[in-house]
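Q: Any chance you could fold what I've pasted below:
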Amino acid sequence: MRRWDLSVLSAALIGVGLGVVGGGAVSRIAAPWAATASTVVLWLGLGAAVAFAFARSRPAGLLRFRPIDVLWGVGLGLGLRLLQGWVSGVDAAAFPSAMALDGGLPSGWWLTEAIPAGLVAPLVEEFFFRTVVLVAVYQLLRRSVGGVAAGVTAALVSAGGFVLLHATAGALTLVDGIQLFAVGGTCALVVLLTGRIWGAVLTHVVYNVSYLVLVVVGTWGAVAPAAPSLG
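A: Predicted coordinates for the structure are as follows:
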């Protein structure tokens, strides 16, 4: 872990900066594929920073998987989704859906929306924020301020950066910021408590996939034919 020093943190800042700027430039192209390409460019920036960090060293135990990581992921992911519903007042909002003009899910929705949001984004973002950023900040501070203070600071930096990254895609409301910070902070806490990344990844996956399930259910419910009258 010693080689995850200031150079790794600097590489992370450069990677996310290039990803955001490059992705923003691509998103301005007047083409149907621009939005998807913009996200890919952002992920490439994050991924480059992750690759640089792991090329220097691999923190002991960080990539180890334990069955209990599944329990962490499912329990915390669903808990965060329930928290999101409560904070956002979902009982007064329309049921989420991905309706298209023809009355169903848009063509290619699974490939362009579901898989990237449900699997790729959690993996890339967790490895960037909860491995590179979290571990690098913790490593830089733990000898000078102690393990607890270093862990708290690293978690706050990791969660705050997670919120800021999503803010680059558009203006966030206060509720959005709270929800994203809760996800980032919870995932950071999982890594700090377990020393492993997979619980955080699965938490993020379950959180995102649970929303995608609601979208599918809402869409199917909206297009389903009305039940025949029994009167």
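
Q: show me what contacts Leu123?
A: Val201, Val205 (CB atoms under 8 Å, 6 or more residues apart in numbering). From N, CA and C alone the C-beta is placed, and that goes for glycine too.

Q: Helix or strand: which one has it?
A: Per DSSP states H and E: Leu123 is located in helix 121-127.

Q: what's the following helix or strand after that helix?
A: Immediately after helix 121-127, counting by DSSP H and E, sits helix 134-145.

Q: From the contact counts, what lies against that following helix?
A: If you count contacts as 3 or more CB pairs under 8 Å, 6 or more residues apart in numbering; DSSP states H and E, helix 134-145 packs onto helix 6-27, helix 147-167, helix 174-194.

Q: Could you check the ones you listed and tell me which one is nearest Ala55?
A: Closest of the helices and strands packed on helix 134-145 to Ala55 is helix 6-27, at 9.8 Å (criterion: CB to CB).

Q: What's the mean pLDDT across that closest one?
A: Average pLDDT, helix 6-27: 94.

Q: just stretch 53-64 next, same as before
A: pLDDT averaged over stretch 53-64 gives 89.

Q: Can I get that stretch in CSV, CA atoms only?
A: Presented in CSV, the C-alpha positions along stretch 53-64 are these (Å, rounded to 0.1, in the frame of the first residue of the first chain):
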residue,chain,number,x,y,z
ALA,A,53,-2.4,2.6,-9.3
PHE,A,54,-2.5,-1.2,-9.7
ALA,A,55,0.6,-1.1,-11.9
ARG,A,56,2.5,0.4,-8.9
SER,A,57,1.2,-2.1,-6.4
ARG,A,58,-1.9,-4.0,-5.2
PRO,A,59,-3.0,-3.4,-1.6
ALA,A,60,-3.1,-6.7,0.3
GLY,A,61,-6.6,-8.3,0.5
LEU,A,62,-8.3,-5.5,-1.4
LEU,A,63,-9.4,-7.8,-4.3
ARG,A,64,-10.2,-10.8,-2.1
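
Q: And stretch 19-37, what's buried?
A: By 16 or more other CB atoms under 10 Å, the buried positions in stretch 19-37 come out as Gly19, Val20, Gly22, Gly23, Val26, Ser27, Thr36.

Q: meant to ask about stretch 67-87
A: Asp69, Trp72, Gly73, Leu76, Gly77, Leu80, Arg81, Leu83, Gln84, Gly85.

Q: Just those residues: which are in helices?
A: Taking DSSP state H, the ones among the buried residues of stretch 67-87 that sit in helices are Asp69, Trp72, Gly73, Leu76, Gly77, Leu80, Arg81, Leu83, Gln84, Gly85.
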